[in-house]
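Novice: what follows is a predicted structure for the sequence shown.
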Amino acid sequence: MRSGRTARIGVDVGGTFTDLVLHDESRQITRTGKLLTTPDDPGRGILAGIERLLRESGAGWDDVGVIVHGTTLITNTVLERTGAEIGLITTDGFRDVLEMGGEIRFDTENLFARPATVLVPRDRRLGVPGRLLADGTEHLALDEEALLGAARTLLEDHRVEALAVAFLHSYRNPAHERRAKEVITAAHPEALVTLSCEVAPEIREYERMSTACVNAYVQPRVHAYLDRLEDSLRAAGFAGRLYIMLSGGGLTTVEEAKEFPVKLLESGPAAGAIAAAHIARAIGEDRVISFDVGGTTAKMSVVENGAPALAHRFEAGRLEKFKPGSGLPLRLTVVDMIEIGAGGGSIAGLDDLGLLKVGPRSAGSVPGPVAYGLGGALPTVTDADLVTGRLDPDHFLGGEMNLVGDDVRAALRAHVAGPLGIGVAEAAVGVQSIAADSMAAATRMHLAEKGADPSAYTLVAFGGAGPVHAYALARLLKIGRIVVPMGAGVMSALGFLVAAPTVTDVRGYPTELADADWAHVSRLFAEMEERARALLAGADEFGDKVVVSRSADMRYVGQGYEIEVPLPDAAFGPGAAEAIRDRFLAAYDATFGRTISGGRPEVISWRMSAALPGSHIDLAYRPASGDPVRGTRRVHFEGHGELETTVYDRYALPAGTVIEGPAVIEERETSCGFGPDARITVDARHNLVVELT
Amino acid sequence: MTSSLPPKRALAPVTLEIWWSRLAAFADEAATTLLRTAFSTIIRESNDYTVVIMNRAGETVAECRAGIPAFAALMTPLTRELLRRYPADTWREGDRVITNDPWIGIGHLPDLAMVAPVFHRGELVGFTGTAAHLPDIGGAPSMGRTELIAEGLLVPPMRLYRGGALNEEVRSLLMANVRLQEQVWGDIQAQVAANETCRRRLLEFLDDIGADDLEELGSAIHEVTDAALRRSIAELPDGAYTSTVEADGVPGRPTTIQCRVTIAGDRIEVDYTGTSPQVPYAINCTLPYTRAYTMNPLKLLLGAGARGNHGSYRALTVTAPEGSILNPRFPAPVLARHLTGHLLSSAVYQALAPVLPERVIADSGGAPAFRVQFAGTGRDGAPFRLVLFASAGMGASAHADGLSTTAFPTNSGGGSIEALEAASPLLFTRKEYRADSGGAGTHRGGLGQLISVRNTTGRPWQAALLGDREHHPPRGLLGGSPALGTAAAVDGEPVSSVKSVVQLAPDATVDLLFAGGAGFGPPDQRDPDAVATDVALGYLTPEAAERDYPGHAPERNTQ
């Protein structure tokens, strides 16, 4: 490690806020920061934020060894359809697969709902002869002349900025796609080419093709963005290494991020779950629900035994109401989370039946909630939080932003209370209740898919609005314990500091377990590991101890959906089938509550994850001296009504403090309130550990 | 019991919204349980399932949003019939009544309904209900059946569980009559689990809100929904509107649907007097299914889909003469009832198009869906059998072109070609849009698709085709043109019928042509740029463009 550069900085650029955290192990300093995102040029906000943190901690660019970055840039590019013009080259006869999609209606309640517009219009989707079979053998050789012709048409006539290549069965045999890239780049050396066998080598042509196309679609923008960001960091004096957060919670290099930008799609949300996992390990909780609420959405995910649950499929750019099926399906390793349109900025209003609804529309950061005084006129959850006393108008963002009270009441009266014929206070409580209820319903649903019940979990609440709603959510889910970590308002950024360089990879080789060619399986894993070790070799800040784990997507023959089964560490020999079958049966039983006698297990995809150890960080907060009690105010608690409540300054609460509810505890970026059934303990790391009775 | 019917809107609107959304979420959560724990793939692949929560009268208060929306409408009549046979005071905690009787259930034998009571503080407060398509229900393995008994085991309403105890005799009778015992029992257990999820959540919920039962909340939900639906209906012009839909039916017996939609004040009545009589083939559609597939397109048109419950059906009445193909007498064969039932959305929309042009769509190519099952012997000598899921085009509307290759009125979607090839020795040589298949119109119908298949084993194989719309292609609305209908060919030669089993030579190539959706509005009103774009993208051939849109000047945009 380079001497002197001991500070690490995490930067999370979200839709509303840019969160930052600086940690310097050697100087025992942790500082957090939060500022409004600068959507026109996110780098401006990043630089301003970092320089402020450095100033506040008495450090300079020389001290910074590592910056870890995550961004919603890619998510937004897909959502707003502001990516590149791209072309798709695919197997002759199958160019419409991308546009046909799943052939379902995502909204069966609306006859006129329309699916996401296809990323590549038909005239930029070209088929070329050449065909592989399901077992990987060649049925028809690749027609290289036709391929070159197609590439020329797309690059020269249509002037596309990037190409995706996706041939049938390339997950099983990548030869045609690899050859296609050689041929294309020989003729067009500057062309950006995404191969489906590299970005998502898994069976099911539509999803693989879609993943390749999204990668190509965002690639030119990501190239430009990362180059510009790196340049401006260097120009400011940064001499350390820049890492980028992956959707699955690992870190990668800028080069790899530019090659496979689609893998960064969910990096912001992933960081939150990684941070929650870090907290779970630190406090010794095996079963945690990570509850991350920002300005636009609430995200819930499960952390078990210190690691966030992962999923290998994801849908990007959902059109409306977060409806499944309305976006673009991706084969991609992501933190398995459910996200709903209920955040601080979610707008409240009445629907056609005259019922109060909250979200999914959000006021975002501009104009933001009415309370921000930036021109927002529609009432939001944050506005309701202000009226019910959950938020303090004078201490929002540590007092940097004064919330406006009168306009908030007027907006709630005009859009909610008036039409419903109720008072403003009641309307505000209603908005909060509906927001909390939709978060609870989504959490129940997410856990139901895993066969789990939320009441057996501890809630770790963070994000600007997570702690604000944690108490209500815990009560709805019958959760007995809430943890609000120190720095909860900028926890995601903390996740960037504890994450580790990670490479996940997959190979599609569908085979019945009993018939598997183990020499082939061993080759696939050797190939994945070799590439992973090469990528990780450069990340020497994180040591050189690579931990490899392997798993397989399995099911019974005849079923349509797979479960992920951890594989033994041993080499794959003749005895492997039996050991893997046992693990499959155990995993199947754990997920579905039974196994099927006489069923034949099969493997669809083989997965590998290789990671360097993450950093353990003990956040070094030194409580401020002085009276932790800021005063009292009236706060409404669901089920208890409005209570006179003591307000505490979180930074002045020493470890070991025990507080009986009702209480409101404020910190710079967020605030949390607990009713009379809560007992709050400040633990040794300054987490608030809340027991509900 | 303590609670009596409250005055209208006794619940504060905010409370109603919260409680209602919570109930609706329970049905969704239980549907997740059903999908997750079902063994067979048929439930997932075909979406043939539903989960509902009902009050003590058997009226739904919450219906899951996934699955086939029309199915939920079947649960209230079914539960009422169960209550007639098993009066309320005979139910016990832990009972589970099952039936697949098409005349009271879901319309054909593979769909099993299960209803369980919910007791709270010792009183019956409601029921949970599920229905799911089982992977096997016995019967002869071909489409040639001319009577119900050949279609499988008929299970009249009976208690599979009584007071929590499994009735082993019912179970063994069931298991003795099916081939895939493990899968069938596994899926029935998934229904048990889903009913149980609903029951548990409902009890927690009643305790949370401090209510004795569901009556107050249920009535509020029904009233708000019913009132909203009636408000929508009241805005429609009163009158009787008719349509006639003709379809291929079975050889020599084409199907005619006579539909009369009467809008009177805040009510809608649909009557099918004049419809074809029942036939001794599996395409008869029992009255519950007829009702469900009539109400669902009406609900879509009335914008009342969001949170289904009994209140969304109270203003709607559906009748069909006994002995007709839409209300056949027992024991008519019904296995492929969708071939008739799926036509009803077309009938309803055609009838209402002249008065509600903004709310309807033209005929969809997938109404009814075209399914093909391939079978043969693989290279290893083991038999293979698989169903190709793929979609036709949707009809166009006053607002936009129809969606290409999109399932309607089902939502079964399309399967992966790679997955089909991995599971069989078949080789698909193309799956692409079928040019010109969307009916011409101011808005064009969605395109169907063309799928070509070969066999790689060098052995004979077969394709069982089950479709319609071959001789009666989807019809346009308000001047829109018909779409291209369903078709199939072997080595370029059309097959005798899209309802047939075709024996195939080893080197045969099968072409499957899925119908397009029909057009909406006169073609001469179509934006010439849209025609030019269609031609440029190959959705429309220049010849068809010249024929259907003379003088549209396609050369403008094609360079």
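Specialist: Structure received. Numbering: from 1, shown residues only, chains lettered A, B, ... in the order given.
Novice: rest of the way, CA atoms for contacts and neighbours
Specialist: OK.
Novice: and the stretch 301-450 of chain B, which residues reach chain A?
Specialist: B:301, B:303-306, B:390-391, B:403-407, B:411-419, B:421-422, B:427, B:429-433 (CA under 8 Å from any CA of the partner chain).
Novice: now, which of those residues lie within strands?
Specialist: By the criterion of DSSP state E, membership of those in strands covers B:427, B:429-433.
Novice: give the buried residues for the longest helix anywhere in chain B.
Specialist: Identified as the longest helix of chain B according to DSSP state H is helix B:181-209. Of the residues in helix B:181-209, those with enough neighbours to count as buried (16 or more other CA atoms under 10 Å in any protein chain shown) are B:181-199, B:201-203, B:205.
Novice: other SSEs contacting it?
Specialist: In terms of contacts (3 or more CA pairs under 8 Å, 6 or more residues apart in numbering or on different chains; DSSP states H and E), helix B:181-209 is packed against helix B:13-37, strand B:49-55, strand B:111-120, strand B:123-133.
Novice: got the angle for the shortest one vs helix B:181-209?
Specialist: Read it as strand B:49-55. Angular relation of strand B:49-55 and helix B:181-209 on a 0 to 180 degree scale: 30 degrees, by axes from the mean of the first three to the mean of the last three CA atoms, to 10 degrees.
Novice: go on, the third one?
Specialist: Angle, strand B:111-120 to helix B:181-209, by the same axes, to 10 degrees: 30 degrees.
Novice: can you tell me the average pLDDT over strand B:111-120?
Specialist: In this model, strand B:111-120 carries a mean pLDDT of 97.
Novice: what helices and strands are in contact with that strand?
Specialist: strand B:96-99, strand B:123-133, helix B:181-209.
Novice: all helices of the stretch 151-300 of chain A, in order?
Specialist: For the stretch 151-300 of chain A, helices defined by DSSP state H, counting those that start in this stretch occupy the ranges A:175-187, A:196-199, A:205-236, A:254-259, A:267-283.
Novice: got those helices as CSV, with distance to chain B, mean pLDDT and mean neighbour count columns?
Specialist: Formatted as CSV, these follow (distance: least, CA to the nearest CA, whole Å; pLDDT from 0 to 100; neighbours: other CA atoms under 10 Å in any protein chain shown):
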stretch, distance to chain B, mean pLDDT, mean neighbour count
helix A:175-187, 16, 98, 18
helix A:196-199, 14, 97, 26
helix A:205-236, 6, 95, 22
helix A:254-259, 26, 94, 18
helix A:267-283, 24, 90, 27
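Novice: adding distance to residue B:219, write these out as CSV.
Specialist: Compiled in CSV, the helices of the stretch 151-300 of chain A are given as follows (distance: least, CA to CA, whole Å):
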stretch, distance to residue B:219
helix A:175-187, 61
helix A:196-199, 53
helix A:205-236, 45
helix A:254-259, 56
helix A:267-283, 41
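Novice: which one of the ones you listed lies nearest to residue B:315?
Specialist: Distances from residue B:315 to each of the helices of the stretch 151-300 of chain A were compared using CA to CA; the minimum, 42.4 Å, belongs to helix A:205-236.
Novice: rebuild the helices and strands packed on strand B:111-120 as CSV, extending it with mean pLDDT and distance to residue A:208.
Specialist: Shown next, in CSV, are the helices and strands packed on strand B:111-120 (pLDDT from 0 to 100; distance: least, CA to CA, whole Å):
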stretch, mean pLDDT, distance to residue A:208
strand B:96-99, 98, 42
strand B:123-133, 95, 30
helix B:181-209, 90, 31
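Novice: tabulate the ones you listed (a markdown table), appending distance to residue B:87.
Specialist: Written out in a markdown table, the entries for the helices and strands packed on strand B:111-120 read as follows (distance: least, CA to CA, whole Å):
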| stretch | distance to residue B:87 |
| --- | --- |
| strand B:96-99 | 13 |
| strand B:123-133 | 12 |
| helix B:181-209 | 20 |
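Novice: where does the prediction get shaky in the chain?
Specialist: Let's take chain A. Of all residues in chain A, those with pLDDT under 70 make up the ranges A:1-3, A:320-322, A:397-401, A:594, A:619-621.
Novice: meant chain B, my bad for not saying
Specialist: With pLDDT under 70 as the threshold, chain B has low-confidence stretches at B:1-10, B:40-42, B:44-46, B:141-145, B:304-306, B:553-559.
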